[in-house]
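Asker: with the input below, show me the fold.
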Amino acid sequence: MPYRPVILKSLTNKEAIDFAGSAQNTKAQCYPTPLTKGKRPPLFLADVDYNAEPENLRKQLNDRISDYSLQYNCKPEIICLRELGILYVDQREENSDLPLKNKIALVTGAAGAIGYGVCQGLLENGCHLVATDLPGRKFDDFVADLKQIGEDRVIGVPIDVTDKDSVSQGFEIVVQTWGGIDIVVVNAGIPLISFLKDIDLDAFRKLEKVNVEGALLTLAEAARLFILQGVGGDIIVISTKNVPSPGAGFGAYSATKAACHQLGRVASIELAQYDIRVNMVAPDGVFSEGKYKSGLWEQIGPDRMRARGLDEKGLQEYYRNRNLLKARITGRHVANAVLFFVTRQTPTTGATIPVDGGLPDATPR
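Answerer: This next block holds a predicted model:
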């Protein structure tokens, strides 16, 4: 039977630590705010060795929870941890019919057109959302906009995906805030336009650091956490149509995104045994979503327009008219592909959904 996702919150103030220190507090009339005394007593874990190896600790916790379930015919909703504080289940039940209710999703490189579309889609389907990007005013404003949609179901966590410590610390902040992560969208990436004969090596290395090493560090951290949690998970790698169909001047971007894509495929093989699914979404040019422009197109759009003698609207029309469906590709289209995978409508891993309106050149050969 699948787990029912819940949001796990913590209390670590002095009142909570004092309360967690003795099972006698079950008889107390008042619990630490915002907890209220209910029919189900807290589970006190006074005799658990918190310093044990993960598997040993997991067994201890499972044994205590099993004993509690046998006694009360239900799982505990308040767990008191000696000298640490209290974990409790957030009991709000609004929008209970949404397919991703209480799932926790983390999106890297979120503050752009694709990221905004994906974040919107995840929120509208019930997720608690962790938007991540480099710190700064742009990111702060982005998170504030998302909070207009998701309110307290949104947090912003600055993460530099090229820094291993930043990635691991960012994931840890989420775990401490909401108890775990269910979905990771590997979206962070940067572009470079240059013919191979002209590529600056330092610029290429910067691209490789974000698009390849950043993807690797994110995949690795997600894998470690999902395996430790033991309840599966979904990872979506935002790839590009340039993987199967590169273009002149796009060599550096195409090569580094191809490496990112291949890491996702390998991860799907390695992680399937843990019910962790890894899939890819490969869009063509996404110019904007709402007021957010694609970082890629902000950087390369002017050169593309000059090369073709077009303005921004004309360039978008050029990209729309080159696909079979004559479709303008948006961040929400990318979000729909992400949602197909993370709602697990089919038993699929290691697959790629193209979001490009139909490009014969991008069809695998």
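Asker: pull the residues that contact the longest helix along the chain.
Answerer: Assignment by DSSP state H gives helix 251-271 as the longest helix of the chain. Under the contact criterion CB atoms under 8 Å, 6 or more residues apart in numbering, helix 251-271 has outside partners 186, 189, 191-196, 199, 203-204, 207-208, 211-212, 215-216, 219, 223, 226-227, 235, 237, 239-240, 242-243, 246-247, 277-280, 282, 349-350, 352. Every residue, glycine included, has its C-beta placed from N, CA and C.
Asker: and the buried ones among the residues you listed, selectable in ChimeraX?
Answerer: Under the burial definition 16 or more other CB atoms under 10 Å, those of these that qualify are selected in ChimeraX by:
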select :186,189,191,192,193,194,199,204,207,208,211,212,215,216,219,223,226,235,237,239,240,242,243,246,277,278,279,280,282,349,350,352
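Asker: flag the shaky bits of the stretch 101-250 of the chain, pLDDT-wise.
Answerer: When residues are selected by pLDDT under 70, none of them lie in the stretch 101-250 of the chain.
Asker: which stretches of it form strands?
Answerer: 104-107, 128-133, 154-158, 183-186, 233-238 (DSSP state E, counting those that start in this stretch).
Asker: partner strands of the second one, parallel or antiparallel?
Answerer: Its sheet considered, strand 128-133 pairs with strand 104-107 (parallel), strand 154-158 (parallel) by DSSP bridges.
Asker: likewise for the last one?
Answerer: Looking at strand 233-238 with DSSP bridges, its partner strands are strand 183-186 (parallel), strand 276-283 (parallel).
Asker: can you put those in CSV and add distance to Lys37?
Answerer: Below are these laid out as CSV (distance: least, CB to CB, whole Å):
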stretch, distance to Lys37
strand 183-186, 34
strand 276-283, 38
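Asker: domain-wise, how is the chain divided?
Answerer: 8-89, 104-362 (automatic domain parsing).
Asker: out of those, nearest to Ser96?
Answerer: domain 104-362 (8.6 Å; CB to CB).
Asker: what's the first-to-last distance across that closest one?
Answerer: 33 Å (CA to CA, to the nearest Å).
Asker: chain center to it, what's the gap?
Answerer: 10 Å (CA atoms, centre = their mean, to the nearest Å).
Asker: ok so, going back, quick one: closest of the domains of the chain to Asp97.
Answerer: Among the domains of the chain, the nearest to Asp97 by CB to CB is domain 104-362 (8.6 Å).
Asker: what ranges does the stretch 1-150 of the chain have for its helices?
Answerer: 14-20, 54-72, 113-124, 137-150 (DSSP state H, counting those that start in this stretch).
Asker: per-residue confidence at the closest residue to Arg277 other than its chain neighbours?
Answerer: Nearest non-adjacent residue to Arg277, counting by CB to CB, 6 or more residues apart in numbering: Thr349, 4.1 Å away. Listed pLDDT for Thr349 reads 98.
Asker: who does the host helix or strand of Val338 touch, helix- and strand-wise?
Answerer: Here Val338, judged by DSSP states H and E, is contained in helix 331-342. Helix 331-342 is packed against helix 113-124, strand 233-238, strand 276-283, strand 288-289, strand 352-355, with contacts defined by 3 or more CB pairs under 8 Å, 6 or more residues apart in numbering; DSSP states H and E.
Asker: what about the third one, average pLDDT?
Answerer: Averaged over strand 276-283, pLDDT sits at 97.
Asker: tell me how many other residues surround Tyr31.
Answerer: 20 (other CB atoms under 10 Å).
Asker: do Asn125 as well
Answerer: 19.
Asker: leaving out the residues flanking it, which one is nearest to it?
Answerer: Nearest to Asn125 is Leu100, by CB to CB, 6+ apart, at 4.4 Å.
Asker: same deal with Pro41?
Answerer: The nearest residue in space to Pro41 (CB to CB, 6+ apart) is Thr26, at 4.7 Å.
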